[in-house]
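In: Turn this into a structure:
(one chain, ligands or ions: 1)
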Amino acid sequence: MALKWTRRGILKILGLMGATSFTLGAYNYMKAESKILLPEPSKDGEMSVERAIAGRRSVRRFESAFISLNQLSQLLWAAQGITDSRGFRGAPSAGALYPLELFILAGKVEGLKEGVYHYDAEGCSLELRREGDLRLEMASASTLNQMWIKDAPIILVICAIYERTVSKYGLRGERYVHMEAGHVGENIYLQAESLGLACTVVGAFLDDEVRRILDVSEETAPLYLIPIGMPS
Ligand SMILES: Cc1cc2nc3c(=O)[nH]c(=O)nc-3n(C[C@H](O)[C@H](O)[C@H](O)COP(=O)(O)O)c2cc1C
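Out: Next up, the predicted model:
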C-alpha cells in the first residue's frame, strides 16, 4: 500500500523502521515485539448476506466453547479489514479517515493467550497490550449490571479517536464517527451470524473504566463493547 505523507503515514513509516514503541498522542498502540500475525480471512462464506440479515439477533448467553483464531481474524476483517489496494476498508468512513480502533479482550481463543490486544488492520495482526483474562473486569465496567458480558469468549471493543475526523469536518465529524461505529457493528453482527457465532452491541458502560482496562488515554473514546461467542 502507498504510504501517504499524513500523520497515519508517518506512523506507518515509523512502524516499518522497526520502532517497538512510540508515542504520538493517543496513537501509541504499537508494541511490535508482541505482534501476532492473523490467519488470512476468507472472502467467500457459506451464508448469503440475506440469510445473515434475517438470522441476526442480539444474543446474551454463550457456550463456554473456545472460538478459533480463524474466526477472530474473520470478525476483525469484517469490522475494519482493508479490502482495497488504496487502503479502503469493508466499512465506509467519512473522508476515508478511519477514526475507529478495535481492541479485543481474549478469554477463550484457541492458540491465543488471554489478554488485551489491539487490532492492526494494516499489518493484519494483533498487538498484545496486557496479559490476563480481563473479561470479568470489563463486565464490571458495564452499567445496568450486565454481568453476562464476562461469559463471552471474546469482548471486542470499538473505540474512536474523534480528532482524526473532527480535524477535517469540525464538530459534525463526531456524528460521522458514531455512524461509522454503527456500520462496523452491523458488519460484526453479520459476520458472526455467518460463522455460527452471535453477539450483542453494548453501549451502557463507564468510559473511564473501559479506558483503564484497555490502557488507553483520554483521546481514545470507547463506543461499543461487543461480547461475541457461540450462542447457547
Ligand atoms: C446503540 C445501541 C446500544 C445498545 N446497548 C445495549 C446494551 O447496553 N445492552 C444490551 O444488552 N443490548 C444493547 N443493545 C442491543 C439492543 O438491545 C438490541 O439491538 C435490541 O434489543 C433489538 O434486538 P436485536 O438486535 O436482536 O434485533 C444496544 C443496541 C444499540 C443499537
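
In: CA atoms for contacts and neighbours, from now on please.
Out: OK.

In: Could you verify my assumption that residue 225 touches residue 201?
Out: Yes - with contact defined as Cα atoms under 8 Å, residue 225 reaches residue 201; the gap is 6.0 Å.

In: With neighbour numbers in mind, choose between these two.
Out: Applying other Cα atoms under 10 Å to residue 225 and residue 201 shows that residue 225 carries more neighbours, namely 27 against 22.

In: Can you name the helix or strand that that one falls in?
Out: Assigning secondary structure by DSSP states H and E places residue 225 in strand 221-229.

In: how about the biggest helix by length in the chain: buried residues?
Out: Longest helix in the chain, counting residues (DSSP state H): helix 172-194. Residues of helix 172-194 classed as buried by neighbour count (16 or more other Cα atoms under 10 Å): 173-174, 176-178, 180-194.

In: Regarding residue 129, what is its secondary structure?
Out: Under DSSP: H, G, I helix; E, B strand; the rest coil, the three-state class of residue 129 is strand.

In: Which pLDDT does the model give it?
Out: Per-residue pLDDT puts residue 129 at 97.

In: picking up where we left off before, who does the longest helix of the chain touch, helix- and strand-wise?
Out: helix 49-55, helix 69-80, strand 100-106, helix 163-169, strand 198-199, strand 221-229 (3 or more Cα pairs under 8 Å, 6 or more residues apart in numbering; DSSP states H and E).

In: can I get these in TSV with mean pLDDT?
Out: As requested, the helices and strands packed on helix 172-194 are exported to TSV (pLDDT from 0 to 100):
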stretch	mean pLDDT
helix 49-55	98
helix 69-80	98
strand 100-106	98
helix 163-169	98
strand 198-199	98
strand 221-229	99
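
In: Tell me which of the ones you listed sits most buried.
Out: Stretch with highest mean neighbour count among those: strand 198-199 (a mean of 29; mean count of other Cα atoms under 10 Å).

In: so how far is the helix or strand just after that strand off the chain centroid?
Out: Later in the chain than strand 198-199, the nearest helix or strand by DSSP H and E is helix 207-214. Centroid separation for helix 207-214 versus its chain: 15 Å, with Cα atoms, centre = their mean, to the nearest Å.
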